[in-house]
Structures are given as structure tokens and as C-alpha cells.
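# What would the 3D arrangement of this be:
(2 chains)
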Amino acid sequence: MQIQKLLVANRGEIAARILRTARTQGIATSVLRHVNEQPGPAHLIADEIVEIDGATPVAAYLDIAQIVAAAQRIGVDAVHPGYGFLAENAAFVRALDTAGIGFVGPTGEVIALMGDKVRARAFVEQRGFPIAPSAIEDDDPATFVERARAVGYPLLIKPSAGGGGKGMRVVHEDAALEAEIETARREGERYFGDGRLFVERYIERPRHIEVQVMGDGRGQVVHYWERECSIQRRFQKIIEETPSPALSSEQRAEICETAVGIARAVNYRGAGTVEFIYAPDGAFYFLEMNTRLQVEHPVTEMVTGIDLVAEQLHIAAGRGLNHAQAEIRQTGHAIELRICAEDAAADFRPAIGEVLLVEEPQGAGVRVDSGILEGCKVTTDFDPMLAKLIAHGPDRTAAIARMRAAVRDYVILGVTTNTGYLDAILAHPRFLAGDVSTGFLAEEAAVLTAPGEDVTDILVAATALSDRRLVRTVDEIPEMYRLMGAWRN
Amino acid sequence: MRRILEIGNGEIPIWLAHTGKGYVVHVRDRAVPCALTPSQGRGAYVLELEGRSIPLRMAVSETATFIHLYGRAYEVGRIDPADWLVEDGAGAGNDSIVAPMPGVVVSVAVGAGDRVEKGQMLLVIESMKLETSLSAPRGGVVAELPFAPGQGFGLKSVLVRLAPKEE
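The predicted model follows:
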């Protein structure tokens, strides 16, 4: 298949990022927009904008029939799903197949296998790859609670159909087990329309390490090294980096080879990520495979110098892999921050507002993948991630220093963001030492959200002097002030 | 001329005056001479404050001032004391449940006109992927439930209003 025209079935920063690469490949581009959605950067890049409608904006982006019909109407050769929305939806791939439109990603069968966390674990285990001790409800629903108990505490309850941390609950003691199972089931039903669960041993002080892979669908698979994503709040990553400061070169080779083995076992096509839980003793366990581009893919691009979206398009066009394994090298160190509209000091409450002023940082080794424009309104209609800030340096210390300068230079005014919080993480001695686990943010919450130096006087003076109504009123009363002064004397 | 500014979780009363030579802001029992001058760049200013020159970026909305200072962003809410007093006088008391954060209504257990007991579950909301049950702050009659299941709401939206207490 030749891709002459592409539809990006997504929005925000990832749509813009994919469109930029597609355009450099000489591909005509189009992108979706919900009828009530304000234009974003993607809408300035695409050659064509396709309006979609739905009960809610998110529902429109999940509407397979409408999106496939739109793709047919405007005559695209392939659809790139980005991540989220329909990126891991096997029914979407099948609908595109039926319509004779290509999908930039793996086959529907592989998506369905890896999307069912229980089947995926069984598949991986059968082929001799490591998984954590677990109990699966479907094996025998009547004894599930008993078997969960036997896995031992602390344990983690997960929806079988889950992903992205939704519906996950950690249980530390037996007394809470049954109630937490019921809550997780309700959440699973609501988010995924599927209340089936499984539990696995919760590894204490784990790191999250994942490996970027790419397959040609004909048995060839290469990896683009690992990413460490241990800095998480609510099971969601907010800082990612590569290389992982935790791995020796032997461990790195082992975990990357394991990921390649898993991808090869499913004859993987396109870009994917194999995620692992990495225990303090060096053991690692398969967590899940994400059958799509990841939010954090830019750090891999920065250290390998390879455009992963270009690789995806190359594979989708049936032209195979561009690089042999030996050509894919890690050079220097890269870090990504997820800039989110949220109040870190108020338990990461999502923030809303109008973006009044944006100024992106610039400089060597700095990249910004942004989904916002000045004047746009940030609402709770979509994910709170506004942009990604990526910094690359010759080594980890240099990358952190560049990132600190960049995040402090990133001006976003009008909506509360987590930039100050992210900067506090970068400055934390444990982060600098690479001594982190997925519990880091919770353990250090008090330090990370501590108020900085007292700048009250500066804020007050600047606010008062920029308040036109206030200044005008003050300017109108000098006469009175003089009289008061005289009277006071 | 007074304002009440909201910084963090605190409310700070301030007073701006002009001495004939320049502006003075009265804050926390001190009088601080200050001046603000636009500089290069959109929203860029230099604030002169007690002998220091401080570069900052600013954007002003109807009710708040956003300031990028020393690499961090701050939001300062502005309240005109007149508005503030009116709001205070209205005294919503415990007649309504106000959204502690933006989110979506998951389910509603009661309807307008229903009599409820203190502590009775009224509705379930979902914010940041977590479910929270909201229960009645007092006994009474439900006057209004503005959001149906599936509908989203913003911070400080009224989720349930109880009819005023019959004295």
C-alpha cells in the first residue's frame, strides 16, 4: 500500500506531531475536529480538517462508524490513530479493513490479544517470559477471592480489559480485599464495559521500565532501547527518561531482548511498547504490551535520532524496517515532562481556564510537542495533558540541567499547570541520584508541594499595578490624598 | 483603594495609594513603594520593588492575574470588596453541595422534591478517575440536581441544592 493521503484520528499534541512527520514524507494530511472544539496546532498543520460530532467530544473521537465514513469520504489510504481513543481498538481496525483503508499499527488480532490483559499475560507466560505471581478471576470465578488472598499482600487489583491505570487498586490488608474488588469491578465496568478482574502481587518499590519495539509483521523485530517511567501520580506517568539510571548494560540488554522476544512471538507489526515492572533486586516481570505509539516516544527519538512516526509510516506502507538493530544506538540522555492542567498542591485536581499567554522554551536539545494555542480554553472534555517538554543532553546531569532551565522558561498563563511541581521533582536529591520508584511522588509529596520562597509582596504589587480599574481610581484621587495628608499633619 | 487578593489558600486585603511621587501598596501592615514598567516581549514587565528590579510575565483576566515569576506561575484572584460582601451576605450555608473539583456525574440516587436524611447518599461523581459518593450535609428536601448522569461539571459548580430549612 502506498500512503498518499493520511487521516490522523486524534487531536492535541499527538495529532500535530504525527502530521508534521507525515508532511515531511510528502503525504497529504487530514485530521479530525469535534464541531465544538477550538482549533489547536494540528488544525494549522493539516491540509484538511474533518469535522465530527457526538454526544460528547470524547464520544465523537470514539465513533468508529463516523470516522471510517469520513475517511472514505475524503479518500485516505491510511489512518494513524495516535494514542488513546481508537488506537487499541480491534473493531476499528476491522472496520477500516472492510472499507479498504490501511491502519498504521498492528493487526486487529494482536491488538485484541494484547488488549485483554489476562490473555496477554497467559500468552507471555506460556512462551517462557517472566510474569508476577497472580490470580485470574476467569480461571474460576467462585474461588477468585480465595486465590487472590493466596497471592499475598500487598496486591494490586486490575480490570482485565484495563490500561492507563484506570480502575487499579492496591490492597494492603485482608480486611479491605472484598470491598476493593467490588469497587474495581464497578470501575472496570464503567471504563471498559467489562468488570472482570485479576490480581497480582504488588512489587514494593518497583520501577516502571519499558522497551520500544518495532516489527515489520514478517517476523523481523528491533528494539529502540528502554525508557524509565517510574515518576507517576495515580498510576500515570508524568516524567519519562532514557536510558534508565537503574540498569547495567547487561540488564539493559536482557530486558530489551525479552521485549523483542515477546513482540516476535506475536509477529508484531508497527510500533509497540513492552512494559515491565522492575523490582529492587533486579528481577523484572511483564506488565503489558501497548500496541501503539506511546506518549513518551520522543525521549527515544532524542537518543536514537530516529523519527518513530516515519518508521511507522514506512512499515504501514509495507516497506519493512529502516534500520538493523546494530544501527540503533543510544546517544546521550533524554527526559520528557508531561505538562498538565492540574493543581499538584490540591491532589492533582484538573484545572480549567483560558490560555492567555504561551511562550515555549527554546535552546539546544529542547523540544516542545504542544497541543495548545493562545486563546484556547482548557476544559474537562479531554485529557489534562497540554504539552510535552523534552530535553536531551550528553549525559543525565546535563539533560536534567537543560530541562530545569527549559521548564522554568515555559510560560503558560491563564490555567494552572504542573510546571512548578515538575521542576521541584527535577530538583529533588533522590531524582538527581536516580533513586526513584513508582511510589516516589507519594513518599515525597510534602517536599514536592512545599511552598517556595515567599513572593507575596511581589505578586501583590504586580497584581495591584496591572489592575487598570484600581490604578485609574487611585490616580483620580490625588487631591483628596493631599487633603488627608494635610489633615494628618 | 482596596482589593482582596487570593494567593494560594489565603485572602490578603491590600490598599493601593499614590504619594505624588509614585505608587505605594499597603500589604500585611507594611507600605511598599512600587512601579511597573512594560519591557520587551508579550506580557513582559519589570517590577520595581524596594530597590529591586524584578522581571516577570503577566496576563490579566476578569477575576485573576497570572504571573510568571522566577520560573514559576502564580495565580492571584482579585476580589472587589463590594462583590465580596454581597457574596458573604448571601450565605449559601449548607444548602448546597459544591463540586470540590471538576468531574462527571456517575449516578444520581435521589430526585428533586425528595426528602433526605442527613448522611444519605445523594449522588456519585467521578473526578480524576476516582469515584466519590456525596451525601446530604443535613436533612431536608432536594430542591435541585442540576447535572444528570454522564454530564460534566466544573470546579465549584453546585451539584445539589437543598430547599432552605423551614424554621
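# Show me where chain B dips below the pLDDT cut-off.
Under the criterion pLDDT under 70, the flagged ranges of chain B are B:80-94, B:100-101, B:127-130, B:166-167.
# make it 80
Scanning chain B for pLDDT under 80 picks out B:1, B:79-96, B:98-102, B:126-133, B:154-156, B:165-167.
# Tell me how it divides into domains.
Chain B breaks down by automatic domain parsing into domains covering B:2-85, B:93-162.
# Would you convert those domains into CSV that also reports mean neighbour count and distance to residue A:432?
Bear in mind the C-beta positions are built from the backbone N, C-alpha and C, glycine included. Below are the domains of chain B laid out as CSV (neighbours: other Cβ atoms under 10 Å in any protein chain shown; distance: least, Cβ to Cβ, whole Å):
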stretch, mean neighbour count, distance to residue A:432
domain B:2-85, 16, 17
domain B:93-162, 16, 29
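# right, and the ones you listed - which one's nearest chain A?
With respect to chain A, and counting by Cβ to the nearest Cβ, the nearest of the domains of chain B is domain B:2-85 at 2.8 Å.
# now for the domains of chain B, which one comes closest to residue A:253?
Residue A:253 sits nearest to domain B:93-162 of all the domains of chain B, at 36.0 Å, using Cβ to Cβ.
# just how off-centre is stretch A:15-31 within its chain?
Here stretch A:15-31 is found 20 Å from its chain centre; the criterion is Cα atoms, centre = their mean, to the nearest Å.
# go on, stretch A:220-227?
Centroid separation for stretch A:220-227 versus its chain: 19 Å, with Cα atoms, centre = their mean.
# go on, stretch A:288-307?
In terms of Cα atoms, centre = their mean, the centre of stretch A:288-307 is set 11 Å apart from its chain centre.
# ok, now stretch B:23-35?
From the chain centre to the centre of stretch B:23-35 is a distance of 24 Å (Cα atoms, centre = their mean).
# is residue A:337 in a bridge, and if so with what?
residue A:239, residue A:389 (DSSP bridges).
# Hmm, it is touching residue A:239, no?
Yes - assessed by Cβ atoms under 8 Å, residue A:337 is found in contact with residue A:239 at 5.7 Å.
# Not counting residues beside it along the chain, what's closest to the residue nearest in space to the middle of chain B?
With distances taken as Cα atoms, centre = their mean, chain B has residue B:77 as the residue nearest its mean C-alpha position (7.2 Å). Distance criterion Cβ to Cβ, 6 or more residues apart in numbering or on different chains; nearest residue to residue B:77, sequence neighbours excluded, is residue B:6 at 3.3 Å.
# Same check on residue A:223?
Take residue A:223 and drop its neighbours on the chain: the residue closest to it by Cβ to Cβ, 6+ apart is residue A:256, 4.6 Å away.
# follow-up on the earlier one: residue A:438 versus the residue nearest to residue B:77, what's the distance?
Residue B:6 sits 35 Å away from residue A:438 when distances are taken as Cβ to Cβ, to the nearest Å.
# same deal with residue A:282?
The gap separating residue A:282 from residue A:438 is 16 Å, by Cβ to Cβ.
# Residue B:162 reaches residue B:135, doesn't it?
No - the criterion here is Cβ under 8 Å, and residue B:162 misses it with residue B:135 at 11.9 Å.
# and residue B:58, what are its bridge partners?
Beta-bridge partners recorded for residue B:58 (DSSP bridges): residue B:67.
# Show the residue spans covered by the helices in the stretch 151-300 of chain A.
Per DSSP state H, counting those that start in this stretch, the stretch 151-300 of chain A carries helices over the ranges A:174-192, A:249-265, A:297-304.
# ok, now which ones touch residue A:116?
Going by Cβ atoms under 8 Å, 6 or more residues apart in numbering or on different chains, residue A:116 touches A:160-161.
# ugh, wrong one, I meant residue A:395
Counting by Cβ under 8 Å, 6+ apart, residue A:395 makes contact with A:332-333.
# repeat for residue A:242
By Cβ under 8 Å, 6+ apart, the neighbours of residue A:242 are A:225-228, A:299-300, A:303, A:330, A:333-334.
# got it, and residue A:444?
The contact partners of residue A:444, taken as Cβ under 8 Å, 6+ apart, are A:428, A:430.
# Please repeat the previous calculation with a cut-off of 10 Å.
Residue A:444 makes contact with A:424-425, A:428-431, A:436 under the criterion Cβ atoms under 10 Å, 6 or more residues apart in numbering or on different chains.
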